[in-house]
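Asks: Let me see the structure of the following:
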Amino acid sequence: MSDRNSDKPSYIASKQTKKAIAVKWAYRWEIFRRLQALDIDCQCATNEPLLVNLNSPTTLAQVWSVIRQSTAQRHQLVDWLNDCWDIRDINYDRDL
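Replies: Numbers count the residues shown, from 1 in each chain. Have a look, this model is predicted:
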């Protein structure tokens with residue numbers, strides 16, 4: 001008796017989906033190279049949108065972070081970093 005489920009893809013494989021990421025054309029190669037450096041499965045071809053395999057919440061968070069770092073204005077990134085430091089200081093004070 002053969003296993004009927006043996007021909008079905010695994011759960012992880014079925015959850016992998018390539019999504020076109022809508023970013024300005026000027027940013028997409030920079031974002032593509034950074035995603036590759038993070039070992040995130042992505043594709044970028046001439047005159048084609050950036051495609052990213054969003055297969056986990058971690059990957060989604062990394063893609064969001066890379067896009068934000070590439071597209072946000074400097075003052076927004078500085079404010080974000082300062083907020084992170086403020087949160088760290090609040091948590092540190094609680095532990096004392």
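
Asks: CA only for contacts and neighbour counts going forward, please
Replies: Noted.

Asks: in this structure, which segments are predicted with low confidence?
Replies: The chain contains residues with pLDDT under 70 at 1-16, 88-96.

Asks: which residue ranges form the helices in it?
Replies: For the chain, the helices defined by DSSP state H cover 11-15, 25-37, 57-71, 74-95.

Asks: close enough to count as contact, residue 50 and residue 41?
Replies: No. Using CA atoms under 8 Å, residue 50 is not in contact with residue 41, being 10.9 Å away.

Asks: More neighbours: which of the two?
Replies: Neighbour tally, residue 50 and residue 41, criterion other CA atoms under 10 Å: the higher count belongs to residue 50, 21 against 15.

Asks: what bridges to the closest residue to residue 28 other than its chain neighbours?
Replies: Spatial nearest neighbour of residue 28, excluding adjacent residues (CA to CA, 6 or more residues apart in numbering): residue 50 at 6.4 Å. With DSSP bridges as the criterion, residue 50 is bridged to residue 21.

Asks: residues contacting residue 50?
Replies: 20-22, 28, 32, 42-44 (CA atoms under 8 Å, 6 or more residues apart in numbering).

Asks: From residue 43, how far out is it?
Replies: Computed as CA to CA, to the nearest Å, the residue 50 to residue 43 distance reads 6 Å.

Asks: ok, for the residue positioned nearest the centre of the chain, nearest residue in space, not its chain neighbours?
Replies: Centroid-nearest residue in the chain, with CA atoms, centre = their mean: residue 63, separated by 1.5 Å. Of all residues not flanking residue 63 in the chain, residue 35 sits nearest, at 7.1 Å (CA to CA, 6+ apart).

Asks: Next: residue 49.
Replies: Leaving aside its chain neighbours, residue 49 sits nearest to residue 20 (5.9 Å; criterion: CA to CA, 6+ apart).

Asks: What is the neighbour count of that neighbour?
Replies: If we define neighbours as other CA under 10 Å, then residue 20 has 15 of them.
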